[in-house]
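Colleague: build me a model from this:
(2 chains)
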Amino acid sequence: DTAVSQTPKYLVTQMGNDKSIKCEQNLGHDTMYWYKQDSKKFLKIMFSYNNKELIINETVPNRFSPKSPDKAHLNLHINSLELGDSAVYFCASSQAGAGTDTQYFGPGTRLTVL
Amino acid sequence: GQSLEQPSEVTAVEGAIVQINCTYQTSGFYGLSWYQQHDGGAPTFLSYNALDGLEETGRFSSFLSRSDSYGYLLLQELQMKDSASYFCAVRNQAGTALIFGKGTTLSVSS
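Modeller: Predicted coordinates:
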């Protein structure tokens, strides 16, 4: 069973388009995250959701909007895509109060903006 | 804010021991984590230190000194499959998400 899954795995699109990435976790965790990893492998937090409430938003452009229909899902919608948005986007989940900083990552979505 | 420093690259041969250091600056400290990421793969959790000292998990160990704001990941009996990027991480100031270092690329040769 896949713990954290993302779709699609690859996404190639033109500048200016709008796209969404879906994420689901079956671990029963209460917190989910979106990270962006650039070409230099720098992994940066974008959003996290805890019990369907946004709790951080790290200076991410408002073209990016997370949507969480329930605590098992956290989707990422991106409007007006730009070249600089090309990166690998990882979804992750964790359980608050677990006593460690264990986060479980999805396989990633490689976004290429042309 | 939070920041972490780790070497960008480390090389070693099979069977050797390698240590990847991480120094951090934080406003509030919860613990130091380590993640492994193979090329094309997702980060996977390796270890977590909240208290000073050494935590051992098989061939991998992690150390923390809170007074020095320093930790390291020790990999023993290196294997080719250990070639990957290794990230240290701390929680952000609010404690709600992880801030990662820029990663150390470990290359193991035969």
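Colleague: for the rest of this, base every contact and every neighbour count on C-alpha atoms.
Modeller: Noted.
Colleague: quick check: residues of chain B near chain A?
Modeller: Within chain B, the positions near chain A by C-alpha under 8 Å from any C-alpha of the partner chain are B:31, B:33, B:41-45, B:48, B:91, B:96-103.
Colleague: how about a cut-off of 10 Å?
Modeller: B:30-35, B:37, B:39-50, B:85, B:87, B:89-92, B:94-105 (C-alpha under 10 Å from any C-alpha of the partner chain).
Colleague: touching, A:E24 and A:S5? I think so.
Modeller: Yes - counting by C-alpha atoms under 10 Å, A:E24 does reach A:S5; the two are 5.4 Å apart.
Colleague: mind listing the shared neighbours of the two?
Modeller: A:73, A:91-92, A:106 (C-alpha atoms under 10 Å, 6 or more residues apart in numbering or on different chains).
Colleague: where does the residue of chain A positioned farthest from its centre land in three-state SS?
Modeller: Relative to the centre of chain A, the most outlying C-alpha is that of A:G99, 23.2 Å out, by C-alpha atoms, centre = their mean. What DSSP: H, G, I helix; E, B strand; the rest coil gives for A:G99 is coil.
Colleague: which residues does it contact?
Modeller: Residues counted as contacts of A:G99 (C-alpha under 10 Å, 6+ apart) are B:30-31, B:48, B:50.
Colleague: grab the nearest non-local neighbour of the spatially most central residue of chain A.
Modeller: Residue closest to the mean C-alpha point of chain A, counted by C-alpha atoms, centre = their mean, is A:W34 at 2.8 Å. Using C-alpha to C-alpha, 6 or more residues apart in numbering or on different chains and skipping residues adjacent in sequence, the residue nearest A:W34 is A:C91, 4.6 Å away.
Colleague: contacts for stretch B:89-97?
Modeller: The set of residues external to stretch B:89-97 that reach it, using C-alpha under 10 Å, 6+ apart, is A:31-33, A:45-50, A:55-56, A:94, A:96, A:101, A:103, B:1-5, B:22, B:24-35, B:48, B:98-103.
Colleague: span of it from start to end?
Modeller: Between the opening and closing residues of stretch B:89-97 there is a gap of 10 Å (C-alpha to C-alpha, to the nearest Å).
Colleague: mean confidence score for it?
Modeller: Stretch B:89-97 shows a mean pLDDT of 86 in the predicted model.
Colleague: now it: buried residues?
Modeller: The neighbour-count criterion (16 or more other C-alpha atoms under 10 Å in any protein chain shown) identifies B:89-93, B:96-97 as the buried residues of stretch B:89-97.
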